[in-house]
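> Requesting a structural model of the entry that follows:
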Amino acid sequence: MSIMYQSTRSNSEKVTASQAILKGLADDGGLFVPDSIPAFDVPLDRLPALTYQETAYEVMKLFFDDFTEDELKNCIRGAYDDKFDTDEIAPLVKKDGVFYLELFHGKTIAFKDMALSILPHLMTTSAKKNGVTNEIVILTATSGDTGKAALAGFADVPGTSIIVFYPKDGVSPIQEKQMVTQKGANTNVVGIVGNFDDAQTGVKKMFGSRELSARMNEKGYQFSSANSINIGRLVPQIVYYVWSYGQLQKQGEISAGDTINIVVPTGNFGNILAAYYAKNMGIPIEKLYCASNENKVLFDFFETGKYDRRREFILTSSPSMDILISSNLERLIYRIAGDDAGQTEALMKALTDQGEYEITAEMRDGLTCFTGGFATEEETAHMIRQVYEKAGYVIDPHTAVAAHVCYEKAKDQGAPVVIASTASPYKFTRSVMNAVDQEKYESMGDFELVDELNQLSGVKVPPAIEEIRTAPVLHHTVCDKSEMQAAVEKILGL
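Residues are numbered from 1 along each chain as shown. Just a heads-up that it's a prediction; the model follows:
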């Protein structure tokens, strides 16, 4: 039976996988979800023998079933190649009794590469399948990592252009330098005076504007998204959780059928939702630990059943998680509401209008596999230092948030624990080195710290960092959060 996709806010519109990938967001502002979660059909004891690319095919063929085998395998082959600095693509390493799933071996040294390496291939294949002749304009808000990974993925891809909005003072210096030095005739980067939630809200507003859509269509353009609101971003993220289960078997840590627990540093809720989908496909994941930084809106939600974005927005050392509106949570809400689009729409409207919503007791019963946790800035720095001192292993602040929650809540629960390690420490050198020894490193420049981290960790400086040392700034545009649409119109010449 074919998998179709429908909006979380209406049951009227059903589309194929390729149509959902092209659209990005449903017309009613909802997110596309599969009408059923397919069961994983490879015996678990066969997983250790599969390469990452083979695992990707076995997962994606179930969700993207309107792609032919050749189309899908071509997309996978084009994505998971020597852009990654290891043949494993996502190594699973054991340190101090826990397993770090290293998701940062791609071109931009963050987990977003895992999905954004394949999205341009899925997008251009989908356009051909559906007879699309318009230029596809990728419109994306980033809290730091999605932007660069999407820019790198779509740079000079024929038939596409990309516009990335980021909070001007809300990303790390390395993250910003990676974006503003991006080459490619079709790439555009705009800093906004505001935070990530402002950027994300502005992007969603443009997606929902029929007037803007009509004007773009006249000029031969149409929007799509590279954020994890796009199902073409979310499904490839399921792959590495399935892969990690096979790797644990390969390393002799578990047998097929044994349960594992997973800890994910979480902001927009896409990465942990992918783990939840893997669990629902039949991968034996018992608990999902949702790790937040001091912007702990998700922790409070799992504790109380109430989602309340009306709070101070805190800039932390883990900026990719500095988010108060976790867009992908809507997909989970839809599922625990029994696929009730009306109820989901009402809750999302309450979030927009009143800034909060509360789920029912019945819906809370659907959250029993989730446990929330959070780390303060002090606890995050302490964890970076502790893991380095105990295991000689350097982790970035996002991974450290997850490690803190792991040590606090998951490590001694019996089952092996996999931590999603979402970024290279080289992306956050100042936070990492200050955590190790603030007095020694505080006065150094960003690239001096890169060299110090190289000495400390023994890990080679990634090309992604080397190439921005002297790269010229190519993108200078900054606008107020209220001027985002005007910036897009100027870029596209509308």
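> Cross-check the contact I'm expecting between residue 75 and residue 122.
Yes - Residue 75 is within contact range of residue 122, at 5.5 Å (criterion: C-beta atoms under 8 Å). The C-beta positions use only the backbone N, C-alpha and C, and glycine is treated the same way.
> got the contact list for the helix or strand where residue 128 lies?
Assigned by DSSP states H and E, residue 128 falls within helix 119-129. Residues outside helix 119-129 that contact it (C-beta atoms under 8 Å, 6 or more residues apart in numbering): 18-19, 21-22, 64, 66-67, 71, 74-75, 78-79, 132, 136, 138, 150, 153-154, 157-160, 224, 226, 230, 232-233, 236.
> what's the angle from whichever helix or strand comes after it to helix 119-129?
The C-terminal neighbour of helix 119-129 among helices and strands, as given by DSSP H and E, is strand 135-141. For strand 135-141 against helix 119-129, the angle by axes from the mean of the first three to the mean of the last three C-alpha atoms, to 10 degrees is 140 degrees.
> quick check: angle from the helix or strand following strand 135-141 to strand 135-141?
For strand 135-141, the following helix or strand on the C-terminal side (DSSP H and E) is helix 145-154. Going by the same axes, to 10 degrees, helix 145-154 is angled at 160 degrees with respect to strand 135-141.
> Which strands and helices lie in contact with helix 145-154?
helix 112-116, helix 119-129, strand 135-141, strand 160-167, helix 173-180, strand 187-193 (3 or more C-beta pairs under 8 Å, 6 or more residues apart in numbering; DSSP states H and E).
> Give me the average confidence score over the third one.
In other words, strand 135-141. Per-region confidence: strand 135-141 scores 94 on mean pLDDT.
> how distant is that strand from the center of its chain?
Distance of strand 135-141 from its chain centroid, counting by C-alpha atoms, centre = their mean, to the nearest Å, is 17 Å.
> How about the last one?
Here the centre of mass of C-alpha atoms in strand 187-193, compared against the chain's by C-alpha atoms, centre = their mean, lies 19 Å away.
> Contacts for the very next helix or strand once past it, please.
Sequence-wise, the next helix or strand downstream of strand 187-193 (DSSP H and E) is helix 196-207. Helix 196-207 is contacted from outside by 24-25, 29, 139-143, 165-167, 170, 192, 212, 223, 225, 227, 309, 313, 322-325, 327, 481, 484-485, 488, using C-beta under 8 Å, 6+ apart.
> If we go by neighbour counts, what in helix 196-207 is buried?
For helix 196-207, a neighbour-count test (16 or more other C-beta atoms under 10 Å) marks 196-204, 206-207 as buried.
> again, but for stretch 154-161
154-155, 157, 160-161.
> Over to stretch 331-341?
Those buried within stretch 331-341 under the rule 16+ other C-beta under 10 Å are 331-337, 340-341.
> With stretch 298-317 instead?
Those would be 298-302, 307-309, 313, 316-317, for stretch 298-317 by 16+ other C-beta under 10 Å.
> Let's have the buried residues of stretch 154-161 in JSON lines, adding distance to residue 243.
Shown next, in JSON lines, are those (distance: C-beta to C-beta, whole Å):
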{"residue": "154", "distance to residue 243": "25"}
{"residue": "155", "distance to residue 243": "27"}
{"residue": "157", "distance to residue 243": "26"}
{"residue": "160", "distance to residue 243": "28"}
{"residue": "161", "distance to residue 243": "32"}
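> Of those residues, just say which sits nearest to residue 426.
Closest approach between those and residue 426, by C-beta to C-beta: residue 155, at 21.0 Å.
> mind listing what the closest residue to that closest one other than its chain neighbours touches?
In space, and not counting its chain neighbours, residue 155 is closest to residue 184: 3.2 Å by C-beta to C-beta, 6 or more residues apart in numbering. Contacts for residue 184 were tallied using C-beta under 8 Å, 6+ apart; they are 151, 154-156, 162.
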